[in-house]
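In: Coordinates for the following, if possible.
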Amino acid sequence: MGVLCVPPIVLFLLGFVMNNNVSMLAEEWKRPTGMRQKDSAVLRYMFCSMTQRALIAPAVWVSVTLLHGECFICAFSTSVPVEKLGNMTGVTLSEKEIKRILARIPCKDIYDGHHIIGQEVASRYLRCISQAVGWTFVLLMTFFAFLVRAIRPCFTQAAFLKSKYWSHYIDIERKLFDETCTEHAKSFAKLCIQQFFETMNKDISMGHSHILEKTSMEQEENDKLLGITNQGTMNKLLKNWHKCKPPLNLNNYENQNGNGCIKENHQCNGLNVPKKEFITYYSKV
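Out: This is a model prediction of the structure:
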C-alpha cells in the first residue's frame, strides 16, 4: 500500500516543484498591493490550473499500479477467502497460522500452502479485484474530467475568461520584465567594461573613424539603458516595481511619473527617469 500511495504524493508535490508558475503565484499572492489591486479569482484560477497539471502523474501511477495488480496482491493476500477458493478439509491450523501462510502468496519460492489454496488461484483472484478497482478509478477520473470540461462553460463564463486573461497577462508581464532586465543588464555591463578599458588605455593612436564608430555603438547601448545609468537608480526601480506596480490602465499613464506610481502618492517615488518627447508633423494634403 505504501508503493500504491506514497509515490503519488511525491509525484504530486514534484508537479508543483517543477512548475515555474508556483513562484509567480507566490509572488502575486505576497506582493504589496500598491497601485494594482489583487484579484482572488485570478489566483484561484492559477492554483487550479497548476493542481490539474500536478494530478496527472499521480493518477497515471495509481491506474497503472492497480491494473498491474502486484501491489494489491501483496497488500491483501491475507484476505483471500480460503473457505470459497481453497480446501480446509483436514487443516488443523489456527487462524493466525493460516494468515501467516497466506502472506507468502506473493512469493512463489517460499509459499508452502498449496494444500490449502493454490498460489495461482489466489493471485488471479486478487489481481482480478485490483484490475476492477483500477478500471473503476480510470472511469471515475475520466468522467470527472469530462464533467469539469463540460459544465465549466455553463457557469460564469465571463468570470472564467477574465481570470484566464489576467493570469496570462501576469505570466507574460513577468517574462517581458525579465527579458527587459536581461537586456538592460547586458547593455549596462557592456558599457561599464568599455569605460573601464578606455580609462586604462593610454594609447592615443586611434583613428577618427574608429572613434565615430565607437560613439555610435555607445549611443545605441545608451538607448537600451532607458536613462538608468547607475546602481542606486536601478535598485530603486526594482524596489518600486515590487512595491508599487503600475495600474493596469494605459489611458491614465500620463498621470504617473514613469515608475508606476501616481504623482499624488510620493511613497514609491524617487526616480528621475527622463521623459520622452514626441513630435507630430501634420500634412496640409
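
In: Regarding the chain, what is its longest helix?
Out: Scanning the chain for the helix with the most residues, using DSSP state H, yields helix 157-200.

In: Can you give me the neighbour number for Gly69?
Out: Neighbourhood size, Gly69 [other C-beta atoms under 10 Å]: 19. Just so you know, the C-beta spots here come from the backbone N, C-alpha and C atoms, and that holds for glycine as well.

In: buried set for stretch 136-147?
Out: Phe137, Val138, Met141 (16 or more other C-beta atoms under 10 Å).

In: where are the low-confidence patches of the protein?
Out: 90, 202-218, 252-285 (pLDDT under 70).

In: which stretches of the stretch 51-200 of the chain form strands?
Out: Counting by DSSP state E, counting those that start in this stretch, the stretch 51-200 of the chain has no strands at all.

In: Let me see the ranges of the helices in it.
Out: Along the stretch 51-200 of the chain, the stretches classed as helices by DSSP state H, counting those that start in this stretch are 56-68, 70-76, 82-85, 95-102, 119-151, 157-200.

In: so who does Val22 touch?
Out: Counting by C-beta atoms under 8 Å, 6 or more residues apart in numbering, Val22 touches Phe16, Met50.

In: and of the helices of the stretch 51-200 of the chain, who's closest to Tyr45?
Out: helix 157-200 (3.8 Å; C-beta to C-beta).

In: And the longest helix of the chain, what does it pack against?
Out: helix 21-30, helix 40-54, helix 208-225, helix 231-243 (3 or more C-beta pairs under 8 Å, 6 or more residues apart in numbering; DSSP states H and E).

In: Rebuild the helices of the stretch 51-200 of the chain as CSV, extending it with distance to Met50.
Out: Below are these laid out as CSV (distance: least, C-beta to C-beta, whole Å):
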stretch, distance to Met50
helix 56-68, 11
helix 70-76, 28
helix 82-85, 46
helix 95-102, 43
helix 119-151, 15
helix 157-200, 10
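
In: So for Leu250, which of those sits nearest?
Out: helix 157-200 (12.7 Å).

In: relative to helix 21-30, how tilted is the closest one?
Out: 100 degrees (axes from the mean of the first three to the mean of the last three C-alpha atoms, to 10 degrees).

In: what angle do helix 157-200 and helix 40-54 make?
Out: Using the same axes, to 10 degrees: helix 157-200 against helix 40-54 is 90 degrees.

In: Distance from helix 157-200 to the middle of the chain?
Out: Relative to its chain's centre, helix 157-200 lies at 19 Å (C-alpha atoms, centre = their mean, to the nearest Å).

In: Assign a three-state SS to Gln37, would you?
Out: coil (DSSP: H, G, I helix; E, B strand; the rest coil).

In: what do you get for Ile228?
Out: Going by three-state DSSP: Ile228 is coil.

In: Hmm, His184 and it touching each other?
Out: Yes: assessed by C-beta atoms under 8 Å, Ile228 is found in contact with His184 at 6.9 Å.

In: okay, and the common contacts of the two?
Out: Met234.

In: residues near Val42, how many?
Out: 20.

In: ok, now which ones touch it?
Out: Glu28, Lys162, Ser163, Trp166, Ser167, Ile170.
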